[in-house]
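Asks: sequence and predicted structure are below.
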Amino acid sequence: IGFLDDDQIISVSDLNKLFFIANLEKLDVFQPSLNHDSYYNLRQFLHKPGYLVQDTWWVEIMSQFYSFEIFMKARQYFNKSISGTGIDVYLIPTIQQLLHKTNTAVIHAVQMKHCRPIRTDGRVFSNGKTNLQEIQELNTFCREMIAAKKMHVDNDFIENVLNKKYVYG
């Protein structure tokens, strides 16, 4: 199940190629890479020539694709962020840990263009919160979920996901 923001350009044939590669690689969560004339906040998602896929801990909210099982488990929590910020970097990776479905990658064999600057920074949403407040609350929620479910997560997950602080996006 995939979601693309309204300001992205990708062809139908590239979407088909994206699904084909994700299926071959048995990916649980994935996204296409961003071409170099895209607007972006994080360089890790820019196209890297010579790579087919590159493992990552998470993919951006603007162009994420999930396995059905991950989507079905995560959907009950999507209302925790109006901006969407934090769903990508904290919620989905936590759900993946819970389900033991952690094969996540950027597919560099497929590129898309992000056509508009990021617009969530500094905005106050209808819940009275900024995207940075939402992302912090999702981080706390994910830590609480792990504790409540007595999930075993390794130190790499804690260091590379939960302990990362994001100030943009």
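Replies: Good, I have the coordinates.

Asks: how would you label residue 62: helix, strand or coil?
Replies: Under DSSP: H, G, I helix; E, B strand; the rest coil, the three-state class of residue 62 is helix.

Asks: er, residue 21 I mean
Replies: The assignment at residue 21 comes out as helix when based on three-state DSSP.

Asks: the nearest residue to it once chain neighbours are set aside: what secondary structure?
Replies: Closest residue to residue 21 apart from its sequence neighbours, by C-beta to C-beta, 6 or more residues apart in numbering: residue 107 at 5.3 Å. C-beta: built from backbone N, CA, C; applies to glycine. What three-state DSSP gives for residue 107 is strand.

Asks: and residue 143, by the same measure?
Replies: helix.

Asks: who's in contact with it?
Replies: Contacts for residue 143 (C-beta atoms under 8 Å, 6 or more residues apart in numbering) come out as residue 162.

Asks: any idea how far it is from residue 91?
Replies: When distance is defined by C-beta to C-beta, to the nearest Å, residue 143 is 12 Å away from residue 91.

Asks: over to residue 133?
Replies: 15 Å.

Asks: who has more neighbours, these two?
Replies: residue 91 (23 against 17; other C-beta atoms under 10 Å).

Asks: the more buried one - that's part of a helix, no?
Replies: Yes - according to three-state DSSP, residue 91 belongs to a helix.

Asks: secondary structure element for residue 71?
Replies: Residue 71 is part of helix 68-74, with elements assigned from DSSP states H and E.

Asks: show me what that helix is packed up against.
Replies: helix 92-99 (3 or more C-beta pairs under 8 Å, 6 or more residues apart in numbering; DSSP states H and E).

Asks: that older thread, the residue nearest to residue 21: what's it in contact with?
Replies: With C-beta under 8 Å, 6+ apart, residue 107 has these contacts: 18, 21-22, 27, 30-33, 52-53.

Asks: go again with 7 Å.
Replies: 18, 21-22, 30, 32-33, 53 (C-beta atoms under 7 Å, 6 or more residues apart in numbering).

Asks: swap in residue 33?
Replies: Per C-beta under 7 Å, 6+ apart, neighbours of residue 33: 45-48, 106-108, 110-111.

Asks: give me the residues contacting the strand or helix carrying residue 13.
Replies: According to DSSP H and E, residue 13 maps onto helix 12-24. Contact with helix 12-24 is made by 30, 32, 52-53, 65, 107, 109-110, as judged by C-beta under 7 Å, 6+ apart.

Asks: list the buried residues of it.
Replies: 14-15, 17-19, 21-22 (16 or more other C-beta atoms under 10 Å).

Asks: ok, those residues vs residue 69, which is closest?
Replies: Set against residue 69, the nearest of these by C-beta to C-beta is residue 22 (14.3 Å).
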